[in-house]
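Trainee: Predicted model and sequence below, questions to follow.
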Amino acid sequence: MRATIFHRPGEISVEERPEREPGPGELRLRIAAAALCASDVRVYRGEKHAAPGVVPGHELAGVVDAVGEGVQEHALGDRVVVCPILACGHCRFCTRGRRNRCIERRTLGYDLDGGFAEQMIVPAELVALGHVLRVPPTLPLPVAAIAEPVACTLNSLDLMGVRPGSSLAVLGAGPMGLLHLLLGRAAGAAPIVVSEPVAERRDVAKRWGADVVVDPGREDLEACVRAWTDGYGADAVAVSVGVAELAAQALAIVARQGVVNLFAGFPPGATIPLDLNALHYTEVVLSGSQNATTEQYRRAVAVLGSLPHVEELLTHRYGIEQAPEAYASRLSLSGLKSLVEFPGVDGR
C-alpha cells in the first residue's frame, strides 16, 4: 500500500508499505480521506514531536475492510471515524471521562501510524475504548474526516461556557477559527467578532455569519469588541492561531469573569508578560484546550451533517502521491483545509 511517511522535520515522503491483516481486537480501515491539521504542520516545522517513520494523519474517515478476532462491535463495510487517542482507561483523567488528558496517552499520527495511507490498522486498545465511531449514511466520508477538529472546537466552546447570548471573539479565521464561528453560532453565541489579518479569510468569516470582522492591522480590535458588547468585552475569547501576541490581545478584550481559551498550540518557549492583578481583580479565567472527549467526538459526528458551510472548509484535495503538496498549501496559508482523499472509498 502507499503511505506518507514522516522522517524528520522538513522531510516527508510517499512510500510503499506492506499491507497487514488485523490481529486480535484490531480493525483494518480503507481510508477514504484524511485531513491535515495545524499540529501536523507544527511537526513538520520541528515545533512538535512525532516518531520518525510514523504515518501522519489523525483526522480521518474510512471503511472497515477486515475485522480481527474477537471484535464484536464492528463489521465489514462500517463507515467510521476514529478518535485517535489511545488512553490507559484507569488513570484519574480517564475515570473522569477526560481521556484526552490521560497520563499515558498515545496518539495516532504522532506515536502510531495514522491515516495518510491507503489502509490503517486500528489498535485493539483504541477499538476497546469505543473510539471507533460509525458515520451516518448521509454524511460523506471526506466531510466526516474533520470530525476530530469539530470535536476539538466543541471542547473549546464547552470550556468557555458558550451558550445562547454569550458574546464570542475569535482571533484568527483559519480552519479552526472558522469552526469556532460556525459552532459558536450553532450554540447561540451572539455577537460573534472575528479578527483576521488575511483579507480572503475575513471575507469567508463575514459570509459565514460573523457579526463583525476586524482587520487587526488597520482597526482597533478592543474598541470594536467593546462597541459590540456594550463596553463589557467578550464573554469568551478563543485564540485559534499560535501567535503569542494574540494571547495578550485576548486578555485585553475579554469581559470581567470571562474566559480566554488558548486553543492553538504555540512554538516552544512562547511567553507573554502577564499582569497578575488584572486576572485577580477581573476574575478572568485563562485556560487552554487540546483535543476532546469521546462524548465530544460523538457530538461532532452528530452535528457535522447539519453544520452549514462545513464542506467549504475542504478547499484543497490531493491524492496520496501528492500528500507533500498538502503540507505546502498549509505552510503557504493557501485556502483552508487540505485533504488527502481516496476516491471510490465510501461504503455507501
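Mentor: Cool, got the structure.
Trainee: what about the strands in the stretch 51-200 of the chain?
Mentor: For the stretch 51-200 of the chain, strands defined by DSSP state E, counting those that start in this stretch occupy the ranges 59-67, 79-82, 85-86, 106-107, 119-122, 132-134, 168-171, 192-195.
Trainee: now the third one, how far from the centre of its chain.
Mentor: For strand 85-86, the distance between its averaged C-alpha position and the chain's averaged C-alpha position is 15 Å (C-alpha atoms, centre = their mean, to the nearest Å).
Trainee: ok, E312 - how many residues close by?
Mentor: 13 (other C-beta atoms under 10 Å). To be clear about C-beta, it is placed using only N, CA and C from the backbone, and glycine gets the same treatment.
Trainee: Surely it forms part of a strand?
Mentor: No - assigned with DSSP: H, G, I helix; E, B strand; the rest coil, E312 falls outside any strand and is helix.
Trainee: for it, what are its contacts?
Mentor: V204, L336 (C-beta atoms under 8 Å, 6 or more residues apart in numbering).
Trainee: same deal with the one 10 residues further on?
Mentor: Contact criterion C-beta under 8 Å, 6+ apart gives V340 as the residues in contact with Q322.
Trainee: Name the SS class of it, please.
Mentor: What three-state DSSP gives for Q322 is helix.
Trainee: Deepest-packed of the strands of the stretch 51-200 of the chain, please.
Mentor: strand 168-171 (a mean of 30; mean count of other C-beta atoms under 10 Å).
Trainee: Extract the CA atoms of that one and return them as PDB.
Mentor: Backbone C-alpha positions of strand 168-171 (Å, rounded to 0.1, in the frame of the first residue of the first chain) are rendered in PDB as follows:
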ATOM      1  CA  LEU A 168     -17.700  35.400  21.500                       C
ATOM      2  CA  ALA A 169     -14.500  36.800  20.000                       C
ATOM      3  CA  VAL A 170     -12.400  34.600  17.700                       C
ATOM      4  CA  LEU A 171      -8.800  35.500  17.000                       C
END
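Trainee: Name the residues that touch it?
Mentor: Here strand 168-171 makes contact (C-beta under 8 Å, 6+ apart) with 160, 162, 177, 180-181, 184, 189, 191-195, 210, 225, 234-241, 246, 249-250, 253-254.
Trainee: Could you rerun that using 7 Å?
Mentor: Contacts to strand 168-171, defined as C-beta atoms under 7 Å, 6 or more residues apart in numbering, come from residues 162, 177, 180-181, 184, 189, 192-195, 225, 234, 236-241, 246, 249-250, 253.
Trainee: And that strand, how far out from the chain middle?
Mentor: Distance of strand 168-171 from its chain centroid, counting by C-alpha atoms, centre = their mean, is 17 Å.
Trainee: Given it, what are its sheet partners and their directions?
Mentor: Partners of strand 168-171 in the sheet, by DSSP bridges, are strand 192-195 (parallel), strand 234-239 (parallel).
Trainee: Nearest to R79 among those would be which one?
Mentor: Minimum separation from R79 across the strands paired with strand 168-171 (C-beta to C-beta) falls at strand 234-239, 30.7 Å.
Trainee: centroid residue for the chain?
Mentor: In the chain, the centroid-proximal residue (C-alpha atoms, centre = their mean) is P149; its distance is 2.4 Å.
Trainee: Verify the stated contact: that residue with L178.
Mentor: No - assessed by C-beta atoms under 7 Å, P149 is found out of contact with L178, at 10.2 Å.
Trainee: list the contacts for R2?
Mentor: V14, E16, A117, E118, I320.
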